[in-house]
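> Could you work out the structure for the sequence below:
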Amino acid sequence: MSASCPYCGFDNEEDTAACTRCGAVVDAAEADEDDLAALGVDEVPCPSCGSINTSSAEYCTSCGTPMAVITRVIELSSANQRGPLETWRVFGVETQMVARDADLARLDALHHACVASSSPSFVAVTSGTGLGKSRLFAELRRELDATFSSAVVAQAECRVITTAPFAVIGRLLRERFYISEDDPHAIASRKFGEAIRSILRDDESARRVARLVGHMIGLGSGDDDAPIPEDHNRSFEALAELLRADAARDPMILIIEDIQYASAQTIRLITYLRRALSESPVLMLLSWNPDEVIDGSELSSLETDESIVLHNLTDEQVDAFVRQTLYKAREVPKILVDKIVESAHGNPLAVEEMLRLLISEGTIDTRQSEWLVHASRVKKVKLPQTVEAAVRARLHALNSEERGLLEMAACVGDAFWPNLLVSLGRLASERD
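As a prediction, this is how the structure comes out:
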């Protein structure tokens, strides 16, 4: 009988006190004091108060702080690999990333160059909607996890509607330090302060950085009522100090998506960090859609070290993409592939949306383990010609309850929570 490691997921031999892969305690209850002493697990300091804990402790026995406050979390299956990327699935089948291997290899090479030279690299990744920017980043993260890279990755996206000039930086740091957007302000501020103390170590510096950066991103604790300059220069330098100290421990990859929606203040901050992190192994990946950049935008002043442009897929690549995704089908009629190739215009997101639409309409029957494509229906089907049209067609195919749920969620905004939708649904029922 094997013993699964609670930290890395590796299946160890029975009666193993320590994981043979990562060295963590597999079962502290079964390990005697000599075993623990030999493993050195009784010498793990709390990142907040410094009290000594065993490495199997999830929370400090003295102050209750999470012992993994700045530890990367890696999700592993029994095969020690991450499971399918949930976003890119068509009826349970994960789609394959097509024609982006060279771009993925380039990002990996840039990361290793940053580590080798202990210097930053700011990279622009641009393309139109649906051509694979987010998927490229997701595959990079999966590759890093699969190789047990020491790199720390944090990712956030800019939003069309935002409430604060540095909201995306706040989301980036929340992900870095495992702070949920649902956490109450007081708890989020405490976690943020504890994470900074664990990195900077010096209490005075930690308090200053937490105060300045926290004020900038809306995670201030309010413990210090001293005024903070509105020009943000001190906050910019405090953030740079935090990132330099963090990157000195492990190399960092920071990803900001949809930067065409970023505020002018955020663009200036990124420009500042490019100079301030001159001796730190930080790979900053910035993605945007050139078609959505407004004339006169601050984005035009943003300097990057390298640019990666994602182009539309060829007809042959779309053909392969469709057949890979429909591998469960007994037969994939050529007329279906040709129609999708003609309508998708080389856009992988459009291909996925069309396949989902065909499944929802029953043209592709997924009720059996072996899928069935109804060739007679394919001849009559009219596919949308743009990504936006494909999304509208899928919305039109929803039943009234599903469409109503989406409408309520859209009224709430980019982020919504289930309990609110339940309440709105009950109110709608009462009115009816």
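
> so what pLDDT did residue 384 get?
At residue 384, the pLDDT value in this model is 80.

> what sits against it?
Applying C-beta atoms under 8 Å, 6 or more residues apart in numbering to residue 384 gives the contacts 343, 350, 353-354, 357, 390, 392-393. Every C-beta, even on glycine, is put in place using the N, C-alpha and C of the backbone.

> Show me where this protein dips below the pLDDT cut-off.
1-87, 162-163, 222-231, 296, 414-415, 432 (pLDDT under 70).

> Quick check, central residue of it?
residue 155 (4.9 Å; C-alpha atoms, centre = their mean).

> And that residue, which helix or strand is it part of?
Taking DSSP states H and E as the criterion, residue 155 maps to strand 152-157.

> cool, residue 368 as well?
Using DSSP H and E, residue 368 sits within no helix or strand.

> Distance check, it against residue 89.
19 Å (C-beta to C-beta, to the nearest Å).

> In terms of neighbours, single out the busier of the two.
residue 89 (14 against 9; other C-beta atoms under 10 Å).

> The more buried one and residue 95 touch, don't they?
Yes: shown here, residue 89 and residue 95 form a contact pair, counting by C-beta atoms under 8 Å, at 6.9 Å.

> List the buried residues for stretch 254-270?
254-263, 265-270 (16 or more other C-beta atoms under 10 Å).

> first to last residue in it, what's the distance?
11 Å (C-alpha to C-alpha, to the nearest Å).

> Backbone dihedrals for residue 282, please?
phi -120, psi 120 (degrees, to the nearest 10).

> Next: residue 125.
Torsion angles, degrees, to the nearest 10, at residue 125: phi -120, psi 110.

> which residues does it bridge with?
residue 287, residue 308 (DSSP bridges).

> For the stretch 51-200 of the chain, which segments count as strands?
Assigned by DSSP state E, counting those that start in this stretch, the strands in the stretch 51-200 of the chain fall at 52-53, 89-90, 93-94, 121-126, 152-157.

> Could you export those strands as JSON lines, including distance to residue 313?
Output for the strands of the stretch 51-200 of the chain, formatted as JSON lines (distance: least, C-beta to C-beta, whole Å):
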{"stretch": "strand 52-53", "distance to residue 313": "51"}
{"stretch": "strand 89-90", "distance to residue 313": "16"}
{"stretch": "strand 93-94", "distance to residue 313": "18"}
{"stretch": "strand 121-126", "distance to residue 313": "16"}
{"stretch": "strand 152-157", "distance to residue 313": "23"}
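
> Just say which of those is most tucked in.
The highest mean neighbour count among those, using mean count of other C-beta atoms under 10 Å, belongs to strand 121-126: a mean of 21.

> Need the contact partners of it.
Under C-beta under 8 Å, 6+ apart, the answer for strand 121-126 is 103, 107, 110, 113-114, 133, 136-137, 270, 274, 282-290, 302-310.

> Take those residues and, keeping just the buried ones, write it as a ChimeraX select command.
Buried residues among these (16+ other C-beta under 10 Å), as a ChimeraX selection:
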select :103,107,110,114,133,136,137,270,274,282,283,284,285,286,287,288,289,302,304,308,310
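
> Helices - which of the contacts of strand 121-126 land there?
103, 107, 110, 113-114, 133, 136-137, 270, 274 (DSSP state H).

> Would you mind checking which of those is nearest to residue 160?
Closest approach between the ones in helices among the contacts of strand 121-126 and residue 160, by C-beta to C-beta: residue 133, at 16.3 Å.

> list the contacts for the nearest residue to that closest one once chain neighbours are set aside?
Excluding the flanking residues, the one nearest residue 133 by C-beta to C-beta, 6 or more residues apart in numbering is residue 287, at 4.4 Å. Contacts for residue 287 (C-beta under 8 Å, 6+ apart) come out as 124-127, 133-134, 137, 255-259.

> same check, this time on residue 330
Contacts of residue 330 by C-beta under 8 Å, 6+ apart are 370-373.

> how near is it to residue 363?
14 Å.

> And for residue 406?
23 Å.

> who has more neighbours, those two?
The neighbour comparison of residue 406 against residue 363 (other C-beta under 10 Å) goes to residue 363, with 19 against 12.

> so where does the spatially closest residue to that one that is not a sequence neighbour fall, helix or strand?
Using C-beta to C-beta, 6+ apart and skipping the chain neighbours, the partner closest in space to residue 363 is residue 377 (4.5 Å). In the assignment (DSSP H and E), residue 377 maps to helix 375-380.
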